[in-house]
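# sequence-free structure coming up:
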């Protein structure tokens, strides 16, 4: 789990046309925050996102978590970051779930807790998040919070790779060299049986730049 730097990533949300007029002001404020962030004006981004986050917008909450985690426009504060991530994660924001898994797995601003790391990684993984799938594999390969199990690790690596995670593909191939053909076959069977529990409307790699939204007319 070495790549903890933010990566820019764009997302698309389809809005029902009948409610566009109701969400337009909030959307404008959110986009103003994204624009400010992209030009490096983190104080303005914070100003735009904070009210939305306090009103319960999960994406704005995630973005505030990012600002506090990275010390952008505010003093770096992992406790504040975690609190905003938790609010977003409770609403199903898969990136916040992923980052909470990192926080607990690495002991960032919290007491290291592999069980909580597994909990958040699983929630994110079941929404199809590629990096969360791979990180579950790492937990099983290393035996962090679970009994070490190469078959289950390989399963998660296969799924992470299938969802586009390059690290998952690398770890899958490396682990295969330490497994028997029977173990690999068992992992492949588990992959065929696995179904995500949540929707896959939000897709991302680890630690993107604060989340963006694209209005679809």
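Done, it's in. Note that this is a predicted model, so its numbers are computed, not measured.

# Return the set of buried residues in the helix or strand residue 102 falls within.
Residue 102 belongs to helix 94-106 when assigned by DSSP states H and E. Neighbour-count burial for helix 94-106, with 16 or more other Cβ atoms under 10 Å as criterion, is recorded at 94-105. For the C-beta atoms, the positions are set from N, CA and C on the backbone; glycine is no exception.

# Contacts only, for residue 81.
Residues in contact with residue 81, defined by Cβ atoms under 8 Å, 6 or more residues apart in numbering, are 65-66, 68-69, 103, 109.

# re earlier: okay, the buried residues of helix 94-106 in JSON lines with pLDDT and distance to residue 132 next?
Listed next are these as JSON lines, based on pLDDT from 0 to 100; distance: Cβ to Cβ, whole Å:
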{"residue": "94", "pLDDT": "96", "distance to residue 132": "7"}
{"residue": "95", "pLDDT": "97", "distance to residue 132": "9"}
{"residue": "96", "pLDDT": "97", "distance to residue 132": "11"}
{"residue": "97", "pLDDT": "98", "distance to residue 132": "7"}
{"residue": "98", "pLDDT": "97", "distance to residue 132": "5"}
{"residue": "99", "pLDDT": "97", "distance to residue 132": "10"}
{"residue": "100", "pLDDT": "97", "distance to residue 132": "10"}
{"residue": "101", "pLDDT": "97", "distance to residue 132": "7"}
{"residue": "102", "pLDDT": "97", "distance to residue 132": "10"}
{"residue": "103", "pLDDT": "97", "distance to residue 132": "13"}
{"residue": "104", "pLDDT": "97", "distance to residue 132": "13"}
{"residue": "105", "pLDDT": "97", "distance to residue 132": "11"}
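
# Dump the residues you listed to CSV, plus distance to residue 186.
Formatted as CSV, the buried residues of helix 94-106 follow (distance: Cβ to Cβ, whole Å):
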residue, distance to residue 186
94, 28
95, 31
96, 33
97, 28
98, 27
99, 31
100, 30
101, 25
102, 29
103, 32
104, 29
105, 26
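
# residues in contact with the helix or strand where residue 154 lies?
Under the criterion DSSP H and E, the helix or strand holding residue 154 is helix 150-162. Residues outside helix 150-162 that contact it (Cβ under 8 Å, 6+ apart): 125, 130-131, 133-134, 136-141, 146, 167-169, 171-172, 175-176, 178-179, 183-184, 186-188, 190-191, 194.

# List buried residues within those.
Neighbour-count burial (16+ other Cβ under 10 Å) applied to the contacts of helix 150-162 gives 125, 130-131, 133-134, 136-141, 146, 167-169, 171-172, 175-176, 179, 183-184, 186-187, 190.
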